[in-house]
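> Any chance you can model this:
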Amino acid sequence: MSQQLINRSTDLKRLQDEGYDVEVRSGYLLIKNVPYVNFNKEIKLGTLVSVLTLAGDVTTTPNTHVVFFAGDHPCNKDGSEIVKIKSSSNRQELDRDLVVNHSFSSKPTSGGYKDYYDKMTTYVAIVSNPAQSIDPTVTATTFPVIESAEDESVFNYIDTASSRAGINVVTRRLELGKIGIVGLGGTGSYVLDLVAKTPVREIHLFDGDKFSQHNAFRSPGAPSVDELRKKPQKAVFLQEQYSRMRRHIVAHDCYVDASNVDQLRGMDFVFLCLDSGEARKLIVEKLEEFGIPFIDVGMGIYQRDGSLGGILRITSSTVEQREHLRAKGRIPFSDGDDNNDYSRNIQIADLNALNASLAVIKWKKLFRFYLDLENEHHSTYTIDGNMLTNEDRP
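Reported below is the predicted structural model:
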C-alpha cells in the first residue's frame with residue numbers, strides 16, 4: 001500500500017525520486033533522516049511527519065499546514081531554537097512505533113500548501129539549513145534503497161480517519177484474528193458494515209439465505225435492480241460489496257447447525273444476529289464450550305394504535321461472565337410467534353442499525369477501544385421512552 005500510494009501520487013513520487021527517505025504509515029507521511037542542529041549544536045537526524053489527505057489511492061491537497069517532528073527541537077547553528085515554526089512540544093504516540101516530540105507551524109502566505117512536495121520540502125529546508133551551514137555535506141536526500149514489502153493492511157486503501165483523529169494506537173486494539181457474524185439480516189448486515197471499518201484480520205459471514213428485495217430496505221447500501229434480479233446468496237453478495245473496501249472477508253453460504261457449527265471454533269469473537277431460537281441455543285452452547293466470547297442481539301417489536309414500539313437487546317457473554325444468560329433468561333431460545341411484528345418483515349432499518357451499533361460499541365468496550373465504567377453484559381433500549389438500561393455487571 002505504501003509504495004503503491006507513492007507511485008500513484010506525483011508529489012510523493014517526486015519526493016522519493018529526488019532522494020528523500022519517504023514512508024507512508026497508517027495515514028501518515030514520514031520524511032526520515034532529516035538533518036538538524038540540536039541545543040548542543042550537534043547535527044542529528046530526525047523525522048518529519050504529516051497527516052495525509054487522500055482521495056482513494058492518491059494524495060490530494062493537504063488539509064493542514066502543521067507537521068510533527070520526532071527528535072529534539074531543531075535549533076539554529078548557535079543552539080537556539082528555531083522559534084518561527086514552534087507550535088507545541090509534547091510526546092505523542094501517533095501509532096505503534098511512531099512517536100513524535102514536537103509540532104511545527106509554518107503557514108504559507110497563500111494560505112496552504114499546494115501538495116505534499118511543497119509542504120515537506122519547505123519544512124526540510126527550515127529544519128536542515130542550520131545543519132548544512134555547519135556541514136555542507138549533510139542532506140535529507142539520501143537516496144535510500146526502496147524495498148518491496150508485502151502490505152499487511154486489511155484495507156484496500158489507507159484508513160485516514162484514524163490518523164486524522166490521532167487514534168491509531170487505540171484502533172490497533174481491534175486487530176483481532178477472526179470475527180464471525182452469524183445471520184446477515186438487517187442487524188447482522190449493519191454489524192458487518194461497522195466491523196468492516198476496523199482492522200480485524202478476517203471477517204467470516206454465515207447465512208444460507210438469499211439477498212431479497214425486502215433486505216435492501218433494512219440493510220446498509222443501495223443495491224441496484226439488476227443486482228436484486230440475480231437473487232444472490234446473502235453471504236456472497238455482502239462479501240463482494242465489502243471487498244471493495246477491505247480484504248479477508250470469508251463468505252460461508254450456509255446456516256449454522258449441528259453439522260457445521262465447528263466452523264466457529266477458532267474465532268476470536270462472534271456476533272449472533274439470527275432469528276431461530278433453536279439454532280441460537282446450539283450456537284451459544286458451542287461457543288461456551290469453545291471458550292469464545294460473543295454478543296447476541298435481538299428485538300421485540302409490537303404495534304399499538306397504529307405505531308410501532310418495542311425493545312432492542314444486546315447481551316454479552318465472556319469467559320469471565322456467562323451465568324447470567326440462563327440464570328436470568330437473557331437470551332430467548334424459542335422461535336416466537338406470529339404476533340411479533342418483526343417476524344412479519346416490517347421495514348425498520350433504523351432499529352437494525354441501532355441494534356448493530358450498540359452491539360459493536362459493546363464489542364469495542366470489551367477490547368478497551370472505548371472506556372467502560374460499568375462493564376454491563378446486558379443492555380436494552382426501549383423505543384417509546386428512549387430509555388437505555390444496563391444490567392448484569394460482574
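
> How about stretch 66-86, which residues are buried there?
Of the residues in stretch 66-86, those with enough neighbours to count as buried (16 or more other Cβ atoms under 10 Å) are 66-75, 81-82, 85. All C-beta spots, glycine's among them, are computed from the backbone N, C-alpha and C.

> what does stretch 303-312 give?
Of all the residues in stretch 303-312, those buried under the rule 16+ other Cβ under 10 Å are G310, I311, L312.

> ok, the residues you listed vs L287, which is closest?
When those are compared for distance to L287 (Cβ to Cβ), L312 comes out closest, at 21.4 Å.

> Name all residues that make contact with that closest one.
With contacts defined as Cβ atoms under 8 Å, 6 or more residues apart in numbering, L312 is in contact with V297, G298, M299, L351, L354, N355, L358, T380, Y381, I383.

> before we move on, the earlier item: got TSV for the buried residues of stretch 303-312, with secondary structure too?
As requested, these are arranged in TSV below (DSSP: H, G, I helix; E, B strand; the rest coil):
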residue	secondary structure
G310	strand
I311	strand
L312	strand
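
> can you list those in a markdown table and add distance to L5?
Converted to a markdown table, those look like this (distance: Cβ to Cβ, whole Å):
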| residue | distance to L5 |
| --- | --- |
| G310 | 47 |
| I311 | 46 |
| L312 | 41 |
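
> From the contacts of L312, which land in strands?
Assigned to strands by DSSP state E, the following of the contacts of L312 qualify: V297, G298, M299, T380, Y381.

> Now list the buried members of the contacts of L312.
When the contacts of L312 are checked for burial by 16+ other Cβ under 10 Å, the buried set is V297, G298, M299, L351, L354, N355, L358, T380, Y381, I383.

> Relative to Y242, which of the ones in strands among the contacts of L312 is nearest.
Within the ones in strands among the contacts of L312, the smallest distance to Y242 is 19.2 Å, found for V297 (Cβ to Cβ).

> Any regions of the chain where pLDDT drops low?
Residues of the chain meeting the criterion pLDDT under 70: 1, 147-152, 336-347.

> Tell me how it divides into domains.
For the chain, automatic domain parsing gives the domain ranges 2-153, 175-391.

> now the last one, how far from the chain's geometric center?
Computed by Cα atoms, centre = their mean, to the nearest Å, the chain-centroid distance of domain 175-391 equals 18 Å.

> And stretch 115-126, by the same measure?
Its chain's C-alpha centre and that of stretch 115-126 lie 30 Å apart, by Cα atoms, centre = their mean.

> before we move on, back to that, spatially, which two of the buried ones among the contacts of L312 are the most separated?
Spanning the widest gap among these are V297 and I383, at 15.1 Å by Cβ to Cβ.

> what's the helix or strand hosting I361 in contact with?
For I361, the enclosing helix or strand under DSSP states H and E is helix 349-366. With contact meaning Cβ under 8 Å, 6+ apart, helix 349-366 is reached by 174, 185-191, 193-195, 217-220, 269, 271, 273, 293, 295, 297-299, 301, 310, 312-314, 316, 318, 370-372, 375, 379, 381, 383.

> PyMOL command to pick out the buried ones of the residues you listed?
The following PyMOL selection, which keeps only the buried ones among those, applies the criterion 16+ other Cβ under 10 Å:
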select buried, resi 174+185+186+187+188+189+190+191+193+194+195+218+219+220+269+271+273+293+295+297+298+299+301+310+312+313+314+316+318+379+381+383
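
> what residues are up against Y36?
Taking Cβ under 8 Å, 6+ apart as the definition of contact, the neighbours of Y36 are I43, K44, L45, G46, G71, D72, P74, C75, V127, S128, P130, A131.

> Regarding it, which helix or strand does it belong to?
Element membership for Y36 (DSSP H and E) is strand 28-37.

> quick one: buried residues of that strand?
Y28, L29, L30, I31, K32, V34, P35, Y36, V37.

> Please dump those residues into JSON lines; it should also carry distance to D159 for every row.
Formatted as JSON lines, these follow (distance: Cβ to Cβ, whole Å):
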{"residue": "Y28", "distance to D159": "11"}
{"residue": "L29", "distance to D159": "14"}
{"residue": "L30", "distance to D159": "16"}
{"residue": "I31", "distance to D159": "21"}
{"residue": "K32", "distance to D159": "21"}
{"residue": "V34", "distance to D159": "26"}
{"residue": "P35", "distance to D159": "31"}
{"residue": "Y36", "distance to D159": "30"}
{"residue": "V37", "distance to D159": "36"}
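
> Provide a list of residues in contact with the nearest residue to S379 once chain neighbours are set aside.
With Cβ to Cβ, 6 or more residues apart in numbering as the criterion, S379 has its nearest non-adjacent residue at 4.7 Å, and that residue is I314. The neighbourhood of I314, defined by Cβ under 8 Å, 6+ apart, consists of I295, D296, V297, N355, L358, A359, K362, H378, S379, T380.

> next one: S88
Residues counted as contacts of S88 (Cβ under 8 Å, 6+ apart) are H102, S103.

> Give me the buried positions along the helix or strand hosting it.
Take DSSP H and E as the rule and S88 turns out to sit in strand 86-95. For strand 86-95, a neighbour-count test (16+ other Cβ under 10 Å) marks Q92, L94, D95 as buried.
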